[in-house]
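[1] Sequence first, predicted coordinates after that:
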Amino acid sequence: MPQKLAADLAIPTSDYPHIPDTLTLVEALTVVKLKHWGAHGGLTTLDGHSVIPRAMLVFNKDLEFVGMVRRRDIMRGLLPWFLARKGPKHPEAFQEVEFDPNVAEMSFDRAYERMRDRGSRLIREVMIPITTINHDDHLIKAVYEMVKYDTSELAVVREGNVIGVVRSVDVMYEIQKMLGVSGD
C-alpha cells in the first residue's frame with residue numbers, strides 16, 4: 001500500500017477558511033457568513049442556512065500563520081464572563097461555584113447586551129495555537145499528533161510556511177481505505 005503523506009491529505013491554505021487576527025468577533029462572523037471557501041463552502045444546515053466553517057486559520061498583518069479559531073472559540077469569546085466556565089475568581093470566594101446558565105433567562109437582556117459588547121474583542125484574543133506537522137510526515141504521524149494533542153486539524157508546513165491543513169475527517173477516510181473498510 002502506498003504511503004500517504006501529510007501534503008497528500010492537506011487542503012491548501014488558499015482553499016481553507018482564513019482570516020486576519022485583527023478582525024473583531026462580530027466581523028469574523030460576518031466574513032464567514034458572506035464568504036465560502038473551497039472544500040468548506042456550500043455547506044448548509046437542514047433548514048438551508050449556510051454553515052460557518054468549523055475552524056479558520058488566523059494570519060497576522062505580515063501574512064504569517066499565528067493560530068486557529070474554531071466556532072466554539074468565538075462562542076467562548078462572546079460569552080459573558082459570568083456564564084463562562086472559568087470566570088474571574090472572586091478574592092473572597094470560599095470555593096469555586098459553577099454558574100447555572102438557566103439563571104441567565106432571568107436577565108436575558110443583560111446577557112445579550114454583554115455578548116454584544118464582547119463582540120468587539122479581537123480574534124487574536126480567542127484564537128488557539130495549532131499543532132503543525134511537516135509536509136513529508138506520513139499518515140500515522142498525523143494520527144499520532146491528532147490523538148496526542150486532542151485536535152481535529154493540523155497545519156501542514158513546508159520550509160517554515162503553512163501550506164495547508166489536514167483534517168481528522170480526511171485522516172479517518174484514509175484509515176478506512178487503508179484498513180479496507182467499505183461504505184457499502
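    Cool, got the structure.
[2] Would you agree V143 falls within a strand?
    No - using DSSP: H, G, I helix; E, B strand; the rest coil, the assignment for V143 is helix, not a strand.
[3] The strand or helix carrying V169: which residues count as buried?
    Using DSSP states H and E, V169 sits in helix 168-178. Under the neighbour-count criterion of 16 or more other C-beta atoms under 10 Å, helix 168-178 has 170-171, 174 buried. C-beta: built from backbone N, CA, C; applies to glycine.
[4] Please name the nearest non-neighbouring residue to the residue most central in space within the chain.
    By C-alpha atoms, centre = their mean, the chain has its centre lying nearest to R70, at 2.2 Å. Leaving out its chain neighbours, the residue that sits closest to R70 by C-beta to C-beta, 6 or more residues apart in numbering is A55, at 4.6 Å.
[5] Please identify which of the buried residues of helix 168-178 is nearest to L25.
    Closest approach between the buried residues of helix 168-178 and L25, by C-beta to C-beta: D170, at 27.9 Å.
[6] In this structure that closest one contacts K4, no?
    No - in this structure, D170 is not within contact of K4 by C-beta atoms under 8 Å, at 9.7 Å.
[7] From T131, how far off is the residue nearest to the centre of the chain?
    To T131, R70 is 13 Å away according to C-beta to C-beta, to the nearest Å.
[8] cool, V58 as well?
    Per C-beta to C-beta, V58 is found 14 Å from T131.
[9] ok, these two, which is more surrounded?
    Ranked by neighbour count (other C-beta atoms under 10 Å), V58 and T131 place V58 first, with 25 against 16.
[10] Any buried residues in whichever strand or helix holds V32, and which?
    Assigned by DSSP H and E, V32 belongs to helix 25-34. For helix 25-34, burial by neighbour count (16+ other C-beta under 10 Å) applies to 25, 27-29, 31-32.
[11] Looking at the helix or strand following it now, give me its mean pLDDT.
    Next helix or strand after helix 25-34 toward the C-terminus (DSSP H and E): strand 55-59. Averaged over strand 55-59, pLDDT sits at 90.
[12] and the angle for strand 55-59 with helix 25-34?
    Strand 55-59 and helix 25-34 are oriented at 120 degrees to each other (axes from the mean of the first three to the mean of the last three C-alpha atoms, to 10 degrees).
[13] Start and end of stretch 9-24, how far apart?
    By C-alpha to C-alpha, to the nearest Å, the extent of stretch 9-24 from end to end equals 31 Å.
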